[in-house]
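Chemist: pasting the sequence and the predicted coordinates here, then a few questions.
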Amino acid sequence: SPYRRWVPRASGRTPMKSLLHLSDRIVRWSAVALLLALLASVLLGVLSRQLNQPLAWTDELAQYLLVWTGFVGWIIAARRRSHIRITVFADKLPEGAGRVLEIVTQVAIIAFAGVLIRYSFALIERNWDVESIALPISGAALYIVMPLAGLALIVQALAEIGDVVAGRRYEAPEPGTQPL
């Protein structure tokens, strides 16, 4: 599909680009912090079991961190446009039909993200008073990341629709060539 990755011209940074750059950095550093915390939690759990002094909270903390890491990774993949796409059909369409298909795809993503947000608030509300088994936090902490991820997906899909409507073309980067 000709609408894959827009390569901007070398120009000055606008306030919106600066905001996007800042949010990307925050999300990437959040991913790093979550992964390091997950590693530390699992490592601490393994070491404590080896010393016959198991820490029960390490397993539950690792579960929470894994869920959060998954959602943050989803946000990063959406921003980088690196989710898996099967483009055999879309590549054969004329340019105008390809643009319409891309807009329909992004609208479907917005609808899915809306459903995610709607039901995530119900999960948070139902689990707000439920205390975690091994951690002194609410069970709702597991689900708090869901509306944030849904909102990020909606913003990204709207940006992609704007790019398609503006006629900006994308070049698909080769797999593995995007910086971390």
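Modeler: Received the coordinates, thanks. Remember, predicted model here, so these are calculated numbers, not experimental data. Residues are numbered from 1 along each chain as shown.
Chemist: from now on I want contacts and neighbour counts done on CA atoms only, so please keep to that.
Modeler: OK.
Chemist: least trustworthy helix or strand in this protein by mean pLDDT?
Modeler: Using mean pLDDT, DSSP states H and E, helix 88-91 stands out as the lowest-scoring helix or strand of the chain, at a mean of 84.
Chemist: what residues of the helix or strand hosting Phe112 count as buried?
Modeler: Assigning secondary structure by DSSP states H and E places Phe112 in helix 95-127. By neighbour count on 16 or more other CA atoms under 10 Å, the buried set for helix 95-127 is 98-99, 102-103, 106-107, 109-110, 113-114, 116-117, 120-121, 123-124, 127.
Chemist: repeat that for stretch 87-95.
Modeler: In stretch 87-95, counting by 16+ other CA under 10 Å, buried: Ala90.
Chemist: and that stretch, how far out from the chain's middle?
Modeler: Put simply, stretch 87-95 sits 26 Å off its chain's centre (CA atoms, centre = their mean, to the nearest Å).
Chemist: what do you get for stretch 40-47?
Modeler: Between the centre of stretch 40-47 and the centre of its host chain there is 26 Å, according to CA atoms, centre = their mean.
Chemist: same question for stretch 85-93.
Modeler: Offset of stretch 85-93 from its chain centre (CA atoms, centre = their mean): 24 Å.
Chemist: before we move on, what about stretch 35-51?
Modeler: On CA atoms, centre = their mean, the centre of stretch 35-51 falls 25 Å from the chain's centre.
Chemist: now do the residue positioned nearest the centre of the chain, the pLDDT please.
Modeler: Geometric centre of the chain, nearest residue: Ile75, 1.6 Å, by CA atoms, centre = their mean. pLDDT for Ile75: 89.
Chemist: try the one 10 residues further on
Modeler: The confidence metric pLDDT takes the value 79 at Arg85.
Chemist: how close does the residue nearest to the centre of the chain get to Leu153?
Modeler: According to CA to CA, to the nearest Å, Ile75 and Leu153 sit 7 Å apart.
Chemist: what's the helix holding Phe112 packed up against?
Modeler: Under the contact definition 3 or more CA pairs under 8 Å, 6 or more residues apart in numbering; DSSP states H and E, helix 95-127 sits against helix 88-91, helix 145-166.
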